[in-house]
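Engineer: Provided below for reference: sequence and predicted model.
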Amino acid sequence: MAMKKFLGNWKEERLIRRYLPSFASAVGSPSLSNTSPPQLLRSYRSYKVVGEETAIQSTASSLFNGVHVFQCPDKTGIMAKLTECIASRGGNILSGDVFVSRQKHVFYSRNEFVYDPSQWPRAGMEEDFMKLAKMFNAQKSIVRVPEIDPKFKIAVLASRQEHCLVDLLHGWQERKFPVEIMRVISNHSREPNTHIIRFLERHGIPYHYLPTSSENKREEEILNLVGDTDFLVLARYMQIMSSKFLESYGKDIINIHHGLLPSFKGGNPFRQAFDVGVKLIGATSHFITEELDGGPIIEQMVERITHRDTLLSFANKSENLEKQCLAKAIKYYCELRVLRFDDSKTIVFD
């Protein structure tokens, strides 16, 4: 850096002549000492020195990023052991979040770190964190390396409204979510030449139309279709999942609904809320439980409504909130930022 700064002062030609041989020796190019100062100055911008900077870039490119989340009964020294585990394998923590529930005496953490896979193979990493899980009797210990780990496999369930489904598909296409969409399931029929069907066909994603009724929710068929998934996304799927379905699936299900409930139930909630002049609308993404729209909340968003809003702008604002809220919940979930606190609350490391 000092030499670059020195050479930048091109007017001091006398000093350049004095130090040029030393510089030529330092960069490993003796012939450079025969170059005149004006020639050196003209070519300096394109001259690349292979040295410490290149070595640093090479080292950085060989590092992988990892994320580890941990949940266990609280006791002294947990964070110290986690840090020691990563550091002992040559890793370095880039960011860390810790929360300790004083009421439940439970420790929660999420650490992002970099490591050299040649020093810490993926299988060895899993084993090391498993040892810590056993040591602290952890309820949860998950590590992911996005560069090499498989993407989350998901299925998306949707009904007639398409805004959340379309937004999710386009976000997936733009690689905003580290997921593989296995299939889309809907109780609403869509014509072959519609935007969604063309998109799914273009990307090889199956579309399953399963019409439902109050007597038959088609849950057995849905279970057969989603058995290979890691979690489900309900993108405005207007059916209530039974406790039997939830128990049989046994994995997380993320739902989105507008924030007009419970005040505006039934059909056309936008019109109901607009007619009474609400000033604040919102959206909530949450995990599905047996309680209707009562699962642990992952994300909530709000926006103000004024007297200048029309019914159309009101509905557009509400739908935009739903899309953003669902997308953020999926992103946070895939980044291991969401931990369950209990049956009604979550911890979100944002």
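Structural biologist: Done, it's in.
Engineer: Buried residues in the biggest helix by length in the chain, which are they?
Structural biologist: Ranked by residue count, the top helix of the chain under DSSP state H comes out as helix 311-334. Going by neighbour count (16 or more other C-beta atoms under 10 Å), the buried part of helix 311-334 is 314-315, 317-319, 321-334. C-beta: built from backbone N, CA, C; applies to glycine.
Engineer: Could you do stretch 211-224 as well?
Structural biologist: Neighbour counts over stretch 211-224 (16+ other C-beta under 10 Å) mark 212, 217-219, 222 as buried.
Engineer: And the residues you listed, which is closest to Arg236?
Structural biologist: Distance to Arg236 across the buried residues of stretch 211-224 (C-beta to C-beta) is lowest for Thr212, with 14.4 Å.
Engineer: Run a quick neighbour tally on Ala80.
Structural biologist: For Ala80, the neighbour count with other C-beta atoms under 10 Å is 9.
Engineer: on that earlier part again, could you tell me which of the buried residues of stretch 211-224 belong to helices?
Structural biologist: Applying DSSP H to these, the entries found in helices are 219, 222.
Engineer: Contact partners for Met182?
Structural biologist: Going by C-beta atoms under 8 Å, 6 or more residues apart in numbering, Met182 touches 153-155, 205-206, 226, 228-229.
Engineer: run the last query once more with 6 Å
Structural biologist: When contacts are counted by C-beta atoms under 6 Å, 6 or more residues apart in numbering, Met182 touches 153, 155, 229.
Engineer: same deal with Cys72?
Structural biologist: Cys72 makes contact with 107, 136, 138, according to C-beta under 6 Å, 6+ apart.
Engineer: three-state assignment of it?
Structural biologist: strand (DSSP: H, G, I helix; E, B strand; the rest coil).
Engineer: So what sits opposite it in the bridge?
Structural biologist: Beta-bridge partners recorded for Cys72 (DSSP bridges): Phe107.
Engineer: Give me the distance between it and Arg102.
Structural biologist: To Arg102, Cys72 is 15 Å away according to C-beta to C-beta, to the nearest Å.
Engineer: Check Glu299 too.
Structural biologist: Computed with C-beta to C-beta, the distance linking Glu299 and Arg102 is 25 Å.
Engineer: quick one: low-confidence parts of the stretch 51-200 of the chain?
Structural biologist: Along the stretch 51-200 of the chain, segments meeting pLDDT under 70 span 51-61.
Engineer: before we move on, back to that, tell me which of the buried residues of stretch 211-224 is nearest to Ala123?
Structural biologist: Nearest to Ala123 among these is Ile222, at 34.8 Å by C-beta to C-beta.
Engineer: what's the closest non-adjacent residue to the closest one?
Structural biologist: Using C-beta to C-beta, 6 or more residues apart in numbering and skipping the chain neighbours, the partner closest in space to Ile222 is Ile185 (6.1 Å).
Engineer: Sort out which residues of whatever helix or strand the one you found lives in are buried, please.
Structural biologist: Using DSSP states H and E, Ile185 sits in strand 179-186. By neighbour count with 16+ other C-beta under 10 Å, strand 179-186 contains the buried residues 179, 181-186.
Engineer: quick one: strands adjacent to it?
Structural biologist: For strand 179-186, the paired strands and their directions (DSSP bridges) are strand 152-158 (parallel), strand 207-209 (parallel).
Engineer: Now do it: distance to the chain's middle.
Structural biologist: From the chain centre to the centre of strand 179-186 is a distance of 18 Å (C-alpha atoms, centre = their mean, to the nearest Å).
Engineer: measure Lys104 to Cys325 for me?
Structural biologist: Distance, Lys104 to Cys325, by C-beta to C-beta: 27 Å.
Engineer: same check, this time on Arg340
Structural biologist: Note on Arg340: its distance to Cys325, by C-beta to C-beta, is 19 Å.
Engineer: Going along the chain, name the strands of this structure.
Structural biologist: 64-73, 92-101, 106-115, 140-144, 152-158, 179-186, 207-209, 231-234, 253-258, 280-287, 297-304, 338-340, 346-348 (DSSP state E).
Engineer: Need those in a markdown table (columns: distance to Pro192).
Structural biologist: Shown next, in a markdown table, are the strands of the chain (distance: least, C-beta to C-beta, whole Å):
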| stretch | distance to Pro192 |
| --- | --- |
| strand 64-73 | 41 |
| strand 92-101 | 47 |
| strand 106-115 | 44 |
| strand 140-144 | 38 |
| strand 152-158 | 17 |
| strand 179-186 | 14 |
| strand 207-209 | 10 |
| strand 231-234 | 24 |
| strand 253-258 | 27 |
| strand 280-287 | 31 |
| strand 297-304 | 35 |
| strand 338-340 | 37 |
| strand 346-348 | 40 |
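Engineer: which non-adjacent residue is nearest Glu180?
Structural biologist: Distance criterion C-beta to C-beta, 6+ apart; nearest residue to Glu180, sequence neighbours excluded, is Lys151 at 4.6 Å.
Engineer: I'd like to know how many residues surround the one you found.
Structural biologist: Residues near Lys151, counting by other C-beta under 10 Å, number 13.
Engineer: wait, doesn't it sit right on Ile181?
Structural biologist: No: Lys151 is beyond contact range of Ile181, at 9.6 Å (criterion: C-beta atoms under 6 Å).
Engineer: residues near Met301, how many?
Structural biologist: Using other C-beta under 10 Å, Met301 has 18 neighbouring residues.
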